[in-house]
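Q: predicted model follows, preceded by the sequence.
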Amino acid sequence: MTVDCGGSAVFTLVLCSMKYFLTRRHGKNSNRKESKAAYLQSIKYSSSDLEHATRNFHPNNKLGEGEFGEVFQGILADGTEVAVKKLITKPEQGTQEFLDTVKLITSARYQNLVKLTGWCLEGEQKFLVYEYLEQKSLAQVLLNQDTKVAIDWGVRCHIVIEIARGLAHLHESDPQIIHGNIQASNILLDKSFNPKIGDYGLRELFPDKATSSFGPHVAGNLGYLAPEYFLQGQLTEKADTFSFGVLALEIVGGRSNLDRNFAQERMLLLEWTWKLYEEARLADLVDPNLGKEYSEDEAFRLIHVALLCTQSSPATRPSMSRVLAMIIGDAGIRVFPSRPGILQQLLQAPLSQEAPATLEITTVVDDLHASPSGCCDS
Ligand SMILES: Nc1ncnc2c1ncn2[C@@H]1O[C@H](COP(=O)(O)OP(=O)(O)O)[C@@H](O)[C@H]1O
Ligand SMILES: [Mg+2]
C-alpha cells in the first residue's frame, strides 16, 4: 500500500490557504461594515444642531419645497453651508427604512450627485443634510423667467453630459438606484455651473409617491414622465432615460417642457421637437437667446439623442451609459427615432395644483409596447 504524502500535504495547504483568505475577506467585510457604521454615526446631527444652523427653520432660510418636504439653507457650527431637507414622513415609516435610505444615498457617492453630508432622526422627525449648491437648481437658472441667467452653449453641453454621467453612475451602482424624478429642479449647480443630481435614493422611502404627487407645477412635472411609468407605474431605469431626454431638450431650448405662453403646436416641447425633426427644422428648437453662438452639429446630436431617449417603448430607449457615449461622440448614432411617447392630455390639464389623478389621462398617443424599430441599447 502506498500513502500519497505529497498529495495530502498539498490538499492541507490548499485548505489552510482557503481558510486564511476567507477569514481575511470576512475580516475586510466586517471592517468595511464597521467603518461604514462609524462614518454614518459621524455625520449624525441632533435636531437642535439643525435648528441652530437654520435659525430655527426660519422662513427666510427656506430654499423651496418639494414632494418630500421643505428645504432650508443653513450654516453648521463649523461654518459649513448646508441645505437641510425636513422630510414629511408618516409615523409608520420606520427608523430602519430611514437608516437604510441614508446608507443607500451615502453608498452612491459620486462627483455628479449632490452629496449627503448628514442626517438626523429624532422621534418622528427626519432630516437629510446636503452640501449647499450656490447656483441652486437648473429650474431656477434656466427655466424660471424671474431668476434665469444667460447660460452659454459650452456650459449647456457640459451640464447635459455630466447629468448623463451621473445617471449612468446611479443605474450602474450596486445596488442600482433608479431616480424616478429627474427634472430641472432636481439638478443643482455649484458656483462653476457643474451639475449635481439631487433627491436620488428617496424613491424607496416614499414608494407611494411614485406618480401621485408632483408639487406645485403638476402638469409641467408630468411632462418628464415616461408613459409606462405614469400609466402603469412601471419604474425601470428607462423611465429615467425618458426624463433625461425631456430635460436635455429643455436645456437646448431654454424653455420648459410645457409652456402655455406658446401657441398650441409649440406648447409641449416634445411634440414641437418631433414636428421640427420631421420638417428638418431642428435649428428652430435651439434657445433664441443663444443667437448664433452654438454648434449646430452638437445641438442636432443632442436633440437626436433626446428623441431616442423619449421613445414610447422603454425597450427602444438607450441605457444611460449608451446615451453618454452617443452625446460625447464615443458611439455613433445609427438609429432614427420614431414618434416619441407624448402624453397628449397634458395640453388639456389645467395649470393648477390639481393632483394628476384627477386629470383623466386616459391614453397615450403611441403604443407603449410597440416593437422596437431598431434597438439602440448596448
Ligand atoms: N443642496 C441644495 N443646495 C441648494 N439649494 C437646494 C439644495 N437642495 C434643494 N435646493 C433648493 O430647494 C428647492 C426645493 O427642493 P426640493 O424640496 O428637492 O423640491 P424640488 O426638487 O421639487 O424643487 C430646490 O428647487 C432648490 O432650489
Ligand atoms: Mg428636489
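A: Happy to help now that I have it. Ligands and ions are numbered 1, 2, ... in the order given.
Q: hey, what's the closest residue to ligand 1 within the stretch 1-150 of the chain bridged with?
A: Closest to ligand 1 within the stretch 1-150 of the chain is G66: 2.1 Å, counting by C-beta to the nearest ligand atom. Quick note: C-beta positions are derived from backbone N, CA and C, even for glycine. Judged by DSSP bridges, the bridge partners of G66 are G69.
Q: quick check: closest non-adjacent residue to the residue in the stretch 101-250 of the chain that ligand 1 sits nearest to.
A: Using C-beta to the nearest ligand atom, the single residue of the stretch 101-250 of the chain nearest to ligand 1 is S185, 3.4 Å away. Using C-beta to C-beta, 6 or more residues apart in numbering and skipping residues adjacent in sequence, the residue nearest S185 is A139, 4.1 Å away.
Q: touching, that neighbour and Q183? I think so.
A: Yes - when contacts are counted by C-beta atoms under 8 Å, A139 is listed as touching Q183 (7.4 Å).
Q: who has more neighbours out of these two?
A: Q183 (26 against 21; other C-beta atoms under 10 Å).
Q: with adjacent residues omitted, what lies nearest to L307?
A: Nearest one to L307, counting by C-beta to C-beta, 6+ apart, is P337 at 3.8 Å.
Q: quick one: mean pLDDT over the helix or strand containing E34.
A: For E34, the host element (DSSP states H and E) is helix 5-42. In this model, helix 5-42 has an average pLDDT of 66.
Q: helix or strand right after that helix?
A: Following helix 5-42 in sequence, per DSSP H and E, is helix 47-53.
Q: buried ones in that next one?
A: Neighbour-count burial for helix 47-53 flags S47, D49, L50, A53 (criterion: 16 or more other C-beta atoms under 10 Å).
Q: so what's the gap between that helix and the chain middle?
A: Here helix 47-53 is found 28 Å from its chain centre; the criterion is C-alpha atoms, centre = their mean, to the nearest Å.
Q: now that helix: average pLDDT?
A: 97.
Q: okay, now the unreliable bits of the stretch 201-350 of the chain?
A: The model of the stretch 201-350 of the chain has pLDDT under 70 over residues 207-220, 344-350.
Q: for it, what spans make up the strands?
A: Counting by DSSP state E, counting those that start in this stretch, the stretch 201-350 of the chain has no strands at all.
Q: how about the helices in the stretch 201-350 of the chain?
A: Ranges of helices in the stretch 201-350 of the chain, per DSSP state H, counting those that start in this stretch, are 218-222, 227-232, 237-253, 264-267, 269-278, 296-309, 320-328.
Q: nearest to E70, out of these?
A: Smallest distance to E70 across the helices of the stretch 201-350 of the chain (C-beta to C-beta): 17.5 Å, for helix 218-222.
Q: now the spatially most central residue of the chain. Nearest residue, chain neighbours left out?
A: Nearest to the mean C-alpha position of the chain, counting by C-alpha atoms, centre = their mean, stands I182 at 4.0 Å. Closest residue to I182 apart from its sequence neighbours, by C-beta to C-beta, 6+ apart: S243 at 3.7 Å.
Q: now K115
A: Per C-beta to C-beta, 6+ apart, closest to K115 is E131, 4.5 Å.
Q: in this structure the one you found contacts V114, no?
A: Yes - here E131 reaches V114: they are 6.3 Å apart, a contact under C-beta under 8 Å.
Q: sorry, back to before: ok, the residue of the stretch 101-250 of the chain closest to ligand 1 touching K136?
A: No - with contact defined as C-beta under 8 Å, S185 does not count as touching K136 (9.1 Å).
Q: follow-up on the earlier one: state whether the residue nearest to the centre of the chain is indeed within a helix.
A: No - according to DSSP: H, G, I helix; E, B strand; the rest coil, I182 belongs to no helix; its state is coil.
Q: pLDDT at it, what is it?
A: 96.
Q: could the C-alpha coordinates of stretch 196-205 be exported in PDB?
A: Taking Å, rounded to 0.1, in the frame of the first residue of the first chain, the C-alpha atoms of stretch 196-205 are listed here in PDB:
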ATOM      1  CA  LYS A 196     -25.300  67.500  -9.500                       C
ATOM      2  CA  ILE A 197     -28.300  65.300  -9.300                       C
ATOM      3  CA  GLY A 198     -30.400  65.700  -6.200                       C
ATOM      4  CA  ASP A 199     -33.100  63.600  -4.500                       C
ATOM      5  CA  TYR A 200     -31.700  60.200  -5.600                       C
ATOM      6  CA  GLY A 201     -32.400  57.200  -3.400                       C
ATOM      7  CA  LEU A 202     -35.600  58.700  -1.900                       C
ATOM      8  CA  ARG A 203     -37.900  56.600  -4.100                       C
ATOM      9  CA  GLU A 204     -37.500  53.600  -1.800                       C
ATOM     10  CA  LEU A 205     -38.500  55.700   1.300                       C
END
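Q: having no further points to raise, I will conclude here.
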